[in-house]
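> sequence and computational prediction follow.
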Amino acid sequence: MLLKAALSWLAFPVYVWQGVGVRLRTSRLLPAEGPVIHKVPGKGDPVRLLVLGDSSAASVGIGTTDRGLAARLASLIAYRTGRPVEWRAAGFNSATSGQIRDHVVPNLAHDGTNLIVLSIGTNDAKNFHTVGRFKREFGGLLYALRAKWPEAHIVWSPVVDMRRVPALPSALGRVLEIRASLINRMGTRLCQERGAVPATRLPIIDPSGFSSDGFHASEAGYGAWAGHLFEYVLAGVSPAVSAPSASSRRSRQVRSSRSRRAS
């Protein structure tokens, strides 16, 4: 880990030079339009889903929030379990772990959230945050979430392979991949220590998963992301308890009647 960190710092001039070029060439996209709090209908007690983190949690890269990560996950959960899903997306451009911990979590309602998906870490890697800083800030974020919602199932989506991001030149992608691997290693360890579930990295198959800026997800990308995280998320959700059917009620009535006659 120390060797990787040292190599990335030696390549810092490449990061600055190519990073400035990418920033100048790339248009800054706005968060998607539409509701950030919504509900998918179903039966039984609702699943209260919070998707929290950076611009990906805010569905940057697409037009409307109903095609973003939170809405896609909510639809999958409702379809599989039959339960209603009340979802909220709390994501912000350029947000880091420390900013979410300090400025977002304290201002979220202390409601019945029971499922949390974290999309955070990319900006920590991109901003060259040290592993020690990430440990304090991401670790503190996990503590804050666990303190506010002690019963919630928390899933973290690690940073993708930066070498596969179309907007990044090859050298810059390799440098940022070193930073991302350091962040992911520490993030996985912190999740395991502090009661969260680290998912595996979202595999990047081809550029169709990216929006016009070559950095944020497209509609297809958010759909693939939701599908990738779904099994990790589903582990914390029980299916709806179905009401007994008319035939099963009749069967129980017949058994009960026979039992009374026999006695």
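Structure received. None of the values given here were measured: they were computed from a predicted structure.
> in three-state terms, label residue 88 for me.
strand (DSSP: H, G, I helix; E, B strand; the rest coil).
> test my guess that residue 162 contacts residue 177.
Yes - under the criterion of CB atoms under 8 Å, residue 162 makes contact with residue 177 at 4.3 Å. All C-beta spots, glycine's among them, are computed from the backbone N, C-alpha and C.
> and residue 144, how far from residue 102?
When CB to CB, to the nearest Å is the yardstick, residue 144 and residue 102 sit 9 Å from each other.
> looking at these two, which is more packed in?
Remark: of residue 144 and residue 102, residue 144 carries more neighbours, 17 against 14, as counted by other CB atoms under 10 Å.
> name the element the more buried one belongs to?
helix 131-148 (DSSP states H and E).
> next structured bit after that helix?
Criterion used, DSSP H and E; the element after helix 131-148 is strand 153-157.
> who touches both of residue 144 and residue 102?
By CB atoms under 8 Å, 6 or more residues apart in numbering, residue 144 and residue 102 have no common neighbours.
> picking up where we left off before, now do the helix holding residue 144, average pLDDT.
Helix 131-148 carries an average pLDDT of 97.
> which residues in the protein form helices?
2-10, 12-25, 69-81, 97-99, 122-126, 131-148, 170-193, 219-234, 246-262 (DSSP state H).
> which secondary structure elements does the longest one contact?
So that's helix 170-193. Contact partners of helix 170-193 among helices and strands, from 3 or more CB pairs under 8 Å, 6 or more residues apart in numbering; DSSP states H and E: helix 2-10, helix 12-25, helix 122-126, helix 131-148, strand 153-157, strand 197-198.
> mean confidence score for it?
The model assigns helix 170-193 a mean pLDDT of 94.
> coming back round to it: list the buried ones in the helix holding residue 144?
Neighbour counts over helix 131-148 (16 or more other CB atoms under 10 Å) mark 131, 134-135, 137-142, 144-146, 148 as buried.
> same list, those, but as TSV with distance to residue 197 please.
Compiled in TSV, the buried residues of helix 131-148 are given as follows (distance: CB to CB, whole Å):
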residue	distance to residue 197
131	21
134	18
135	18
137	19
138	14
139	15
140	18
141	15
142	11
144	17
145	12
146	12
148	18
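> could you measure from residue 168 over to residue 189?
26 Å.
> these two: which has the busier surroundings?
Ranked by neighbour count (other CB under 10 Å), residue 168 and residue 189 place residue 168 first, with 22 against 13.
> chain center to the helix holding residue 144, what's the gap?
16 Å (CA atoms, centre = their mean, to the nearest Å).
> residue 50 - how many residues pack around it?
25.
> show me what contacts it?
By CB under 8 Å, 6+ apart, the residues touching residue 50 are 87, 88, 90, 108, 113, 115, 116, 117, 152.
> so the fifth one sits against residue 149, correct?
Yes - Residue 113 lies in contact with residue 149 (CB under 8 Å); the separation is 4.9 Å.
> how near is the nearest residue to residue 138 once chain neighbours are set aside to residue 77?
Among residues not flanking residue 138 along the chain, residue 97 sits closest, at 4.1 Å (CB to CB, 6 or more residues apart in numbering). Applying CB to CB, the value for residue 97 to residue 77 is 25 Å.
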